[in-house]
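J.: Predicted model and sequence below, questions to follow.
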Amino acid sequence: MSGRHNINVDHIQKAVENCCLACAVCHGKNCRVGFAKIMSGYAGLKQRLSIPRGIDMVPSGDDKAYNPDRVANALAVINYECRNCMDNHEDNCVVNIARSAMEVLLFGEHVEFCGNSQEYMQKLSRLNAEYGAKVTQAYLACRDK
């Protein structure tokens, strides 16, 4: 894709905001969705895409209820905002941090990201065809806007 846009962290933050089903108040860094919101907000506030040791801070346990369709949409938005860095991929990029926080909610595991959103979505589809298709369809909707 030529003419790739800049990363819009507000787009990421808005996409993850409505994924929770049970929380009246956000638990912030104690859950994956809250953590993704905090990291994208921090990146926007500080105008920095790299958050030192950010990937190491992603919460490992999270047993809250989430709306899987909204999580799939959020994961699509996160992938849409990715720059497709390929060999220059950085684990502590806010996009990668948000992706890592959200993917486990749908797929139950961390999915290796190699710097290319298309390859990543193919991996998602191999893990779970239904959720992989939802992420891909939402990604295409973002791209076609």
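T.: Noted; the coordinates are in hand.

J.: Work out which residue lies at the spatial centre of this protein.
T.: R99 (2.8 Å; Cα atoms, centre = their mean).

J.: V77 is in contact with that one, correct?
T.: No. Shown here, R99 and V77 do not form a contact pair, counting by Cβ atoms under 8 Å, at 10.2 Å. Yep, even glycine has a C-beta here, placed from its N, CA and C like the rest.

J.: For the nearest residue to the residue nearest to the centre of the chain once chain neighbours are set aside, which residues are in contact?
T.: Excluding the flanking residues, the one nearest R99 by Cβ to Cβ, 6 or more residues apart in numbering is I78, at 4.9 Å. Going by Cβ atoms under 8 Å, 6 or more residues apart in numbering, I78 touches I12, A15, V16, A36, V95, A98, R99, M102.

J.: Out of those residues, grab the one that's most surrounded.
T.: Highest neighbour count within the contacts of I78, by other Cβ atoms under 10 Å: A98, with 33 neighbours.

J.: what's the distance between it and L106?
T.: 13 Å (Cβ to Cβ, to the nearest Å).

J.: Give me the subset of the contacts of I78 lying in helices.
T.: Judged by DSSP state H, the contacts of I78 include I12, A15, V16, A36, V95, A98, R99, M102 as members of helices.

J.: Could you tell me the per-residue confidence at the fourth one?
T.: According to the model's per-residue confidence, A36 sits at a pLDDT of 91.
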